[in-house]
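In: kindly return the folded structure for what I paste below:
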Amino acid sequence: MNNKEIIKGIQHLSKNDLILAEIIAKAPLCNLSQGKGYYKALLRSIIGQQLSIVVAEAISKRFFSFFDGKPLPEKIITTPDEQLRKLGLSAAKTKYVKDLSEKIISKEVAFRNISKKTDDEIIAILTRVKGIGEWTAHMFLIFTLGRLNVLPVLDLGIKKSVMLNYKMKTMPDNAKIEKLARKKNWSPYCSIACWYLWHSLDNK
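Out: Alright, predicted model coming up:
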């Protein structure tokens with residue numbers, strides 16, 4: 001992905017959605033990009049589930065420091081649960097990071113050529129892991145693989161931003177967000193639309 005694709009998406013969204021156009025005009029350039037370190041990205045996602053950004057970052061820092069920045073699957077599965085709990089992981093998240101590690105070792109979850117797979121294929125692979133659902137898979141697609149047309153309808157930030165920016169009285173459900181995306185013609189740049197919706201929350 002390069003800036004040309006991002007700019008093309010911004011132009012498309014600004015043309016089709018006046019509310020997004022206002023948000024985009026006041027915001028910096030969307031910085032979605034493709035990354036590597038797939039395993040670390042999933043570990044961070046699991047650790048950060050249902051936590052504030054500040055708390056998630058603090059626990060992630062402790063977790064990665066404990067493994068000297070190299071939390072290999074083999075190291076994680078041999079680390080006692082009590083030790084992972086001391087680092088700040090809940091009992092459930094301790095199970096989840098170990099299940100992810102075991103499935104990577106067994107190759108039930110494999111990252112080779114994953115960037116060539118479709119969004120649905122990637123979601124099907126990732127959700128084999130305990131604790132990785134559609135939301136985590138969507139975050140991986142957007143922020144690690146840089147996929148431009150992902151609509152994370154389960155994300156509370158997106159729900160809140162849509163409610164505030166589109167003057168809704170209550171938090172929209174998944175179907176309402178999907179309907180809005182169709183009506184405003186966000187596709188094939190739903191991820192960029194969501195990036196700006198998230199960014200707008202920082203300003204409210």
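In: if I look at the most centrally placed residue in the chain, how far off is T78?
Out: Taking Cα atoms, centre = their mean as the criterion, M139 is the residue nearest the geometric centre of the chain, at 1.5 Å. Using Cβ to Cβ, to the nearest Å, one gets 28 Å for the distance from M139 to T78. (C-beta placed from N, C-alpha, C; glycine too.)
In: in this protein, where is pLDDT below threshold?
Out: Regions of the chain meeting the criterion pLDDT under 70 cover residues 1-2, 203-204.
In: can we see that at 80?
Out: For the chain, applying pLDDT under 80 flags the ranges 1-2, 202-204.
In: any idea which element the nearest residue to Y166 once chain neighbours are set aside lies in?
Out: Nearest residue to Y166, sequence neighbours excluded (Cβ to Cβ, 6 or more residues apart in numbering): I19, at 6.2 Å. The secondary structure element spanning I19 is helix 18-26 (assigned by DSSP states H and E).
In: pull the CA atoms of that helix into CSV?
Out: Extracted in CSV, the C-alpha atoms of helix 18-26 (Å, rounded to 0.1, in the frame of the first residue of the first chain):
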residue,chain,number,x,y,z
LEU,A,18,-20.2,15.0,3.5
ILE,A,19,-19.8,14.1,7.2
LEU,A,20,-16.7,12.1,6.6
ALA,A,21,-15.4,14.9,4.3
GLU,A,22,-15.6,17.3,7.3
ILE,A,23,-13.8,14.9,9.5
ILE,A,24,-11.1,14.2,6.9
ALA,A,25,-10.5,17.9,6.3
LYS,A,26,-9.6,18.4,9.9
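In: what's downstream of it, the next helix or strand?
Out: Of the helices and strands lying after helix 18-26 in sequence (DSSP H and E), the nearest is helix 38-48.
In: next one: the helix or strand containing F140 to chain centre, how far?
Out: The secondary structure element spanning F140 is helix 134-143 (assigned by DSSP H and E). With Cα atoms, centre = their mean, to the nearest Å as the basis, the distance from the averaged C-alpha position of helix 134-143 to the chain average is 4 Å.
In: may I see the buried residues of that helix?
Out: By neighbour count, and taking 16 or more other Cβ atoms under 10 Å as the criterion, the buried residues in helix 134-143 are 136-143.
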